[in-house]
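1. quick one, what's the 3D model for this:
(chains A and B, ligands or ions: 2)
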Amino acid sequence: MVMTRDEKLAKINAHQERVNLIFEKIDTLRLMEKVLTLDNNKILEYIKESGLKGRGGAGFPTYLKWKLAADQKSDVKYVICNADEGEPGTFKDRKILEEQAEKVFTGMAICAKVIGASLGYIYLRGEYNFLVPLLVTKMNVFNDDMKKFGFNFTIDLRSGSGAYICGEETALIESMEGYRGEARNKPPYPAEKGYLGKPTVINNVETLVYCTMIVLNEGKKFKNFGTEISTGSKVFSVSGDADVEGIYELELGMTIQEFVDLFGDGDTKAVQVGGASGFCVPRKKFKETIIGFEGVPTGGSMMLFNSSRSMYHILMNYMEFMQEESCGQCTPCRVGCQQLVKGIQAIKHKKRPASYLDELVKLAKTMRVASKCGLGQSVANPFISIVENFREEIIY
Amino acid sequence: MSDNKQKMINVTIDNKTVSVPENTSILEATRSLGVYIPTLCHHEDLCVAGNCRVCLVEVKGSRTLQASCATPVAEGMEIFTNSRLVRTARKHVIELLLSEHRGECLRCSRNGNCELQALANEYRVDEGLFIDIHKEDQPDISSPAIQKDDSKCIRCQRCVRACTELQSVSALCVAHKGADMKITTFWDKALAYVVCTNCGQCVSHCPTGALTEKNYVEDVWDAIYDPTKHVVVQTAPAIRVSIGEEVGLGPGKRVTKKLVTALRRLGFDSVLDTDFTADLTIIEEGNELLQRLTKALRDNEDVALPMITSCSPGWIKFAEHEFNHSLNHLSTCKSPQQMFGPLAKTYYAEKIGVDPKDMVVVSIMPCTAKKFEAARPEMMSSGFRDVDYVLTTRELGLMIRQAGIDFEKLEDGEYDSILGKSTGAGAIFGTTGGVMEAALRTAYEIVTGREIPFDGLKITPVRGLDGIKEATLKIEGTLNKYNFLEGAELRVAIGHGLANARKIMKQVESGESPYHFIEIMACPGGCIGGGGQPIPTTNELRLQRANALYEEDEKMQYRKSHENPEIIEIYEDFLEKPLGHKSHELLHTSYVKREKN
Ligand SMILES: Cc1cc2nc3c(=O)[nH]c(=O)nc-3n(C[C@H](O)[C@H](O)[C@H](O)COP(=O)(O)O)c2cc1C
Ligand code: SF4
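-> Numbering: from 1, shown residues only, chains lettered A, B, ... in the order given. Ligands and ions are numbered 1, 2, ... in the order given. From the prediction side, this is the model:
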């Protein structure tokens, strides 16, 4: 069962070649030419049939989002590509933008055509500012091409300032509008009232590339991969105690065990799926846990931990991250994160009894349902999954 | 009403079905059913924030709880306001807020009137579930008017929204994130050094003791107890209809005469009335307006019109920061409080044979900005600080309670004289539109020799809570001296709340203002909604307080400032004539340019 690193790499590469959607070189201009002749409903049908769900983390069906925006009555609409990529352990959007910017732009243009937008923005993570020259150059060429096609759609770039919360779609809009990055109340959703109050589709970088590929393949191929609920493939960012690290496009629906067999160092005790807002899967659950919406969903971050790692420190690390990155506007998240940090410290230092951990789990459950946005709501994911599976390590 | 056409939505709340108009929030829908959901960040004056998460409810089929203030009803929604999940979440939220809060209730001026305290009480959080993480921030005491204590802040942002939406000042803002997120000023400067107008709307909208007025009660007690001091007190127009509310008699009660007795019982040596100087303001300001109109319309001189009222010190500081190229539009009249001070320390002091250095002038104001105004360096025209201490309605309420006075049982009292008698025109100064109404009553009569042609002197177009009110008055049958005004249409506007002031001033600045005379009050509703008034203040309460002032007006012997016998007397005896030499020395002022940040 145990493979050498070369055997693993060979298997991974074979898998990748079989899927090969995101990084496949295609002629985006020819595709756009064709897209402009397509009926919008046809395009929507492709997206619908593909079963594509958002790759930014929340997993909302892309077809529904586009349809909702398309149905809004408004002269002005926007498409935004979410390139904030702030989730700890993800770095795939960066590579996609570096290598496949045209396919991202094309995805935005397809969306623009479907919903009736003439402006698109790429909201780029502050730390990725080194990508700006490259992106601007390619963007200008793309914009010119669209003009040549007589298609009224222009893409522009906006830089974030490095706050994790600004990846949350409504905080992203606030940030783009020049305000503090704080999540808005939903409803209304961005597809109804987004940037500058206009219907706005916000999609992750990877989602947009899949849209490009789905339209290219006329709704086919993508659905050949994955499962009923989690169709298609996904780009994973693999890090931690991994034998093989990096960025890989793999089918959804594999078990954590299969994943660990391919990427782990043979001593994996836990995998954190989905970064600081994701779930920790302990070794005993590797076999039964599916990577996908029916099991553990992920925006792509896969962090492997071997037995040398202290789960207490890992948990503290995530909680401190959340404590710092919460926008701070709502009570459960702002104060809850601080209490979780202080609470596990107090238990560790015997200032509070072990039973206090149960209170903290209850608090985390409240944060899941009471916080205003996905950030606070997801703090419970790492907290509960780590505490419940590694209780001893947390307490002693 | 167009309401009939409004689409109705059916929802069930705790298993009871109701039909409410589209776009109603869950919170509003539940209140119409008599179900009470607690709130903290919600305030009817302000936009919806949905950040405190106290008003959460369960909506069937929803993955998370919903903030009822921020969630509109949808057809067929099943809402549960009191489920296990809701109660646990709500209790957690309250516990979390308390863990972050310096819980020194016994040492807090909002003890007994704190929304967080009330919730803590309701949810019996005595055991203290979470670790105390409150920060040891020291209060910002830089401002003479407003004190800010972050350690009591619950980050509901009501102050920020009041400062931005109602006042368009934006002195307060949110900074930093996560555990460090806090309400602060631009560059974290102390309040005294920013564009804060001291209006106190942040204080009035704060649910806890994080924002309070700077308290001068002990200084006033010291003055009262000092046998060498003669302590004079003046009461602003709006106090007589709000102090009753502050001491528990309910809103909109006229208690002028009990107020006088209470002040005597507290030990003030002279109990006088800012309403008197409100009347005086009308005489001076009315004449100033006529002088400007004469110069502009008869003599074709270059003079700043519209003229704008200057009684509201929050408005004045706002103008000094934001519209400092248009300060010549402001009337040069001091506010009634600051007219009173120098008159007390010159004319009145001489009358009663008190050395002005031994006189202490205290004013009871609905306002926090008055504290700043009294401390302005130029407000020393008596040779001393004209007004020594300013107390808000709330601070006076505190003194009354401290003195063990049962306010309701007090017998009636009368103001001392002179500087004690007033008219209905002075009384209505306390509400938006009141200064305008009082000024028109007098100015119209000066110009035409006749009473203003409104039934019962009620100039209804300038009344009410609309943010900006306009009126046009045709002037006919002028006296000889004013025949250049014959047939003219006097155009006036009234704005309250600085956001409305900004709109009016944008027009003035661009030279497009169509008005001759504008009244501006910093606070929504005018002084009855001032930052020193009882908390809470809502539109319903503003209306009740305003109506009480209009009632006061109607019940007065005199209703026009120029008919006030003491006003006639003080001109004969001391001031000689409006806009005269003495007036300029004591009753008029100038303004300073301030920076925009
Ligand atoms: C705290 C937080 C951070 C997020 N950061 C990102 C991000 O960096 N990139 C991203 O695509 N989506 C991010 N999201 C998800 C977005 O809100 C949104 O769901 C997503 O951009 C939608 O695109 P998709 O449907 O293509 O996934 C974040 C959500 C939360 C709550
Ligand atoms: S959940 Fe956290 S990040 Fe989201 S709105 Fe609340 S405080 Fe801000």
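
2. could you list the domains of chain B?
-> For chain B, automatic domain parsing gives the domain ranges B:8-82, B:97-213, B:219-276+B:337-409, B:281-333+B:422-537+B:549-587.

3. what segments of the stretch 1-150 of chain A are strands?
-> A:78-83, A:119-124 (DSSP state E, counting those that start in this stretch).

4. switch the domains of chain B over to JSON lines; also include mean pLDDT.
-> What follows is the domains of chain B, written out as JSON lines (pLDDT from 0 to 100):
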{"stretch": "domain B:8-82", "mean pLDDT": "96"}
{"stretch": "domain B:97-213", "mean pLDDT": "95"}
{"stretch": "domain B:219-276+B:337-409", "mean pLDDT": "98"}
{"stretch": "domain B:281-333+B:422-537+B:549-587", "mean pLDDT": "97"}
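
5. in contact with the residue in chain B positioned nearest to ligand 2, which residues?
-> Proximity of chain B to ligand 2 (Cβ to the nearest ligand atom) peaks at B:N51, 7.0 Å away. Just so you know, the C-beta spots here come from the backbone N, C-alpha and C atoms, and that holds for glycine as well. Contacts for B:N51 (Cβ atoms under 8 Å, 6 or more residues apart in numbering or on different chains) come out as A:329-331, A:372, B:41, B:155-157.

6. which of those count as buried?
-> Buried members of the contacts of B:N51, scored by 16 or more other Cβ atoms under 10 Å in any protein chain shown, are A:329-331, A:372, B:41, B:155-157.

7. go through those and say which is closest to B:Q533.
-> B:C156 (20.0 Å; Cβ to Cβ).

8. out of the strands of the stretch 1-150 of chain A, deepest packed?
-> strand A:78-83 (a mean of 27; mean count of other Cβ atoms under 10 Å in any protein chain shown).

9. and the helix or strand hosting A:Q345, what's buried?
-> Taking DSSP states H and E as the criterion, A:Q345 maps to helix A:331-348. Buried residues in helix A:331-348, counting neighbours by 16+ other Cβ under 10 Å, are found at A:331-344, A:346-347.

10. report all helices and strands that that helix contacts.
-> helix A:311-325, helix A:356-370, helix A:374-378, helix A:391-395, helix B:84-99 (3 or more Cβ pairs under 8 Å, 6 or more residues apart in numbering or on different chains; DSSP states H and E).

11. give me the distance between B:F484 and B:L473.
-> 16 Å (Cβ to Cβ, to the nearest Å).

12. the two: who's more crowded?
-> B:L473 (21 against 14; other Cβ atoms under 10 Å in any protein chain shown).

13. surely that one and B:V492 touch.
-> Yes: counting by Cβ atoms under 8 Å, B:L473 touches B:V492, with 7.1 Å between them.

14. please enumerate the shared neighbours of the two.
-> B:L440.

15. nearest residue to the residue of the stretch 101-250 of chain A found nearest chain B in space, please, no chain neighbours.
-> Going by Cβ to the nearest Cβ, chain B is nearest to A:N185 of the stretch 101-250 of chain A, at 4.0 Å. Spatial nearest neighbour of A:N185, chain neighbours left out: B:A70 (4.0 Å); criterion: Cβ to Cβ, 6 or more residues apart in numbering or on different chains.

16. and what about B:T472, helix, strand or coil?
-> strand (DSSP: H, G, I helix; E, B strand; the rest coil).

17. residues near A:P88, how many?
-> 20.

18. ignore the last one, B:Y193
-> 14.

19. wait, it touches B:D140, no?
-> No: with contacts defined as Cβ under 8 Å, B:Y193 does not count as touching B:D140, sitting 10.3 Å away.

20. for ligand 1, what's its nearest residue on the stretch 101-250 of chain A.
-> For the stretch 101-250 of chain A, Cβ to the nearest ligand atom, closest residue to ligand 1: A:G167, 2.2 Å.

21. distance of that residue relative to ligand 2?
-> 11 Å (Cβ to the nearest ligand atom, to the nearest Å).

22. ok, the nearest residue to that residue once chain neighbours are set aside to A:C166 distance?
-> Excluding its sequence neighbours, the residue lying closest to A:G167 (Cβ to Cβ, 6+ apart) is A:D84, at 3.5 Å. Between A:D84 and A:C166 the distance is 6 Å, computed by Cβ to Cβ.

23. got the residues of the stretch 1-150 of chain B near chain A?
-> B:48-54, B:56, B:63-65, B:67, B:70-72, B:85, B:88-89, B:92-93, B:96-97, B:99-100, B:129-131, B:133 (Cβ under 8 Å from any Cβ of the partner chain).

24. to ligand 2, which of the helices and strands packed on helix A:331-348 lies closest?
-> When the helices and strands packed on helix A:331-348 are compared (using Cβ to the nearest ligand atom), the closest one is helix A:374-378, at 2.5 Å.

25. per-residue pLDDT of the most centrally placed residue in chain A, please?
-> The residue lying closest to the centre of chain A (Cα atoms, centre = their mean) is A:G56, at 2.5 Å. If you check A:G56, the pLDDT there is 92.

26. could you count how many residues lie near the residue lying closest to B:A192 once chain neighbours are set aside?
-> Nearest non-adjacent residue to B:A192, counting by Cβ to Cβ, 6+ apart: B:S142, 3.8 Å away. As a burial measure, B:S142 scores 16 neighbours (other Cβ under 10 Å).

27. ok, now which ones touch B:S142?
-> Counting by Cβ under 8 Å, 6+ apart, B:S142 makes contact with B:190-193.

28. that one in helix, strand or coil?
-> Following three-state DSSP, B:S142 is assigned to coil.

29. okay, it and chain A: tell me how far apart.
-> 24 Å (Cβ to the nearest Cβ, to the nearest Å).

30. what residues are up against the closest residue to ligand 2 within the stretch 151-300 of chain A?
-> Residue nearest to ligand 2 within the stretch 151-300 of chain A: A:A183 (4.0 Å; Cβ to the nearest ligand atom). Counting by Cβ under 8 Å, 6+ apart, A:A183 makes contact with A:165, A:168, A:170-171, A:174, A:327, A:329, A:372-375.

31. tell me the pLDDT at it?
-> At A:A183, pLDDT is 97.

32. now swap in A:D156 and tell me
-> Here, the pLDDT recorded for A:D156 equals 98.

33. ok, the buried residues of helix A:331-348 vs ligand 2, which is closest?
-> A:C333 (2.9 Å).

34. for B:A374, what are its contacts?
-> Contact partners of B:A374, counting by Cβ under 8 Å, 6+ apart, are B:337-338, B:341, B:363, B:385-390.

35. for it, give its distance to B:A223.
-> For B:A374 relative to B:A223 (Cβ to Cβ), the value is 14 Å.

36. what is in contact with these two at once?
-> Jointly contacting B:A374 and B:A223 under the rule Cβ under 8 Å, 6+ apart are B:388-389.

37. quick one: the helices in the stretch 251-400 of chain B?
-> Ranges of helices within the stretch 251-400 of chain B are B:256-266, B:274-293, B:313-322, B:336-343, B:349-352, B:369-374, B:393-402, based on DSSP state H, counting those that start in this stretch.
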